[in-house]
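Participant: Give me the fold of what follows.
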Amino acid sequence: MKHLKIVFVILAWMLLNVMVANGEEAAPGEPPHWTYEGEEGPEAWGSLDARYELCSTGHAQSPIDISGAEADDLTGITFHYNPSALNIFNNGHTIQVKYDEGSSITYNETEYHLAQFHFHHPSEHTINGEAFDMELHFVHLDAAGNVGAVVGVMLKQGETENPAFAAIFGNLPAEKGDPQPTDIVINAADLMPESILYSTYSGSLTTPPCTQDVRWLVLSTPVELSAAQLEAFTSLFELNARPVQPLNVRDLLEDTTADS
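Facilitator: Modelled structure (predicted):
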């Protein structure tokens, strides 16, 4: 048995050297599991793994309570959203739609490409201390492929079904799995409120690894969904929202420009 262990060690060492010679590296360990409650909940994220350290040490974290913002005439957000197939999936933490290439926003003369959108219940950001029923995040990548800007849209209960969301909430996958292309076509532009006034600040991802330097653009006007549409999501995710984080020494600005 001892000789077999020695042989296995030698073989493993030889394999590692072959991988290094070929410019390969051993695959890193999978990031640790995290949740929204319990021992692996938000208060513990920063201690679960060194890669999650910013979740507890970062001073520019998201979400925040949007209150006391400095009013200003800010640059408008220009949306260039095109139709996409409904590539919808359950990633274990939320329902996400992987968006087809070719859609973007322009903000402060910088273009960010729409990669995906997903949902949180209840809303992660609060406005003047008020949480909404849900929050929709449109995640955009910068030229380097990093998350550069996120557009947040508040969702609240209304009296009737919102037809723009019907295809999404009618096809929510209950089980975790990979994106599944469908023949259904949606347009992210249809999911926006009529008013594009917004508040903005520099924050982070709201899930591990809580990476910072993300430009948040939280729209001021909520979008209404029916009670049945909300229930379709909340029956799958009773809670998937990170608590608000301290603003600390950050600028929080509110656009007061009337829509044209």
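
Participant: rest of the way, CA atoms for contacts and neighbours
Facilitator: OK.

Participant: And stretch 92-110, what's buried?
Facilitator: Of the residues in stretch 92-110, 93, 94, 95, 96, 97, 98, 99, 103, 104, 105, 106, 107 count as buried by neighbour count, 16 or more other CA atoms under 10 Å.

Participant: dump the residue contacts of the first one.
Facilitator: By that I understand residue 93. Under the criterion of CA atoms under 8 Å, 6 or more residues apart in numbering, the neighbours of residue 93 are 35, 237, 240.

Participant: Where does the last one fall, secondary structure wise?
Facilitator: Taking DSSP states H and E as the criterion, residue 240 maps to no regular element, lying outside all helices and strands.

Participant: what's the answer for the one 3 residues further on, then?
Facilitator: In the assignment (DSSP H and E), residue 243 maps to no helix and no strand.

Participant: I'd assumed residue 123 was in contact with it.
Facilitator: No. Using CA atoms under 8 Å, residue 243 makes no contact with residue 123, being 9.4 Å away.

Participant: For the two, indicate the residue with more neighbours.
Facilitator: Each of residue 243 and residue 123 has its neighbours counted (other CA atoms under 10 Å); residue 123 has more, 27 against 18.

Participant: quick one: pLDDT of that one?
Facilitator: Residue 123 is assigned a predicted lDDT (pLDDT) of 98.

Participant: Likewise for residue 22?
Facilitator: For residue 22, the pLDDT comes out at 30.

Participant: With residue 26 instead?
Facilitator: If you check residue 26, the pLDDT there is 29.

Participant: Repeat that for residue 18.
Facilitator: 29.

Participant: Kindly report the same for residue 179.
Facilitator: 87.

Participant: now do residue 31
Facilitator: pLDDT for residue 31: 82.

Participant: what's the spacing between it and residue 50?
Facilitator: 10 Å (CA to CA, to the nearest Å).

Participant: a markdown table please, covering the contacts of residue 93 and showing pLDDT and neighbour count.
Facilitator: Formatted as a markdown table, those follow (pLDDT from 0 to 100; neighbours: other CA atoms under 10 Å):
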| residue | pLDDT | neighbour count |
| --- | --- | --- |
| 35 | 98 | 19 |
| 237 | 98 | 19 |
| 240 | 98 | 20 |
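
Participant: what is residue 186 paired to in the beta sheet?
Facilitator: Applying DSSP bridges to residue 186 yields these beta-bridge partners: residue 84.

Participant: residue ranges for the strands of the stretch 51-200 of the chain, please.
Facilitator: For the stretch 51-200 of the chain, strands defined by DSSP state E, counting those that start in this stretch occupy the ranges 65-66, 70-72, 78-80, 83-85, 87-90, 95-98, 104-107, 110-120, 126-127, 134-141, 147-157, 185-187, 198-204.

Participant: Direction included, what does the second one pair against?
Facilitator: Just to be clear, that refers to strand 70-72. strand 253-255 (parallel).
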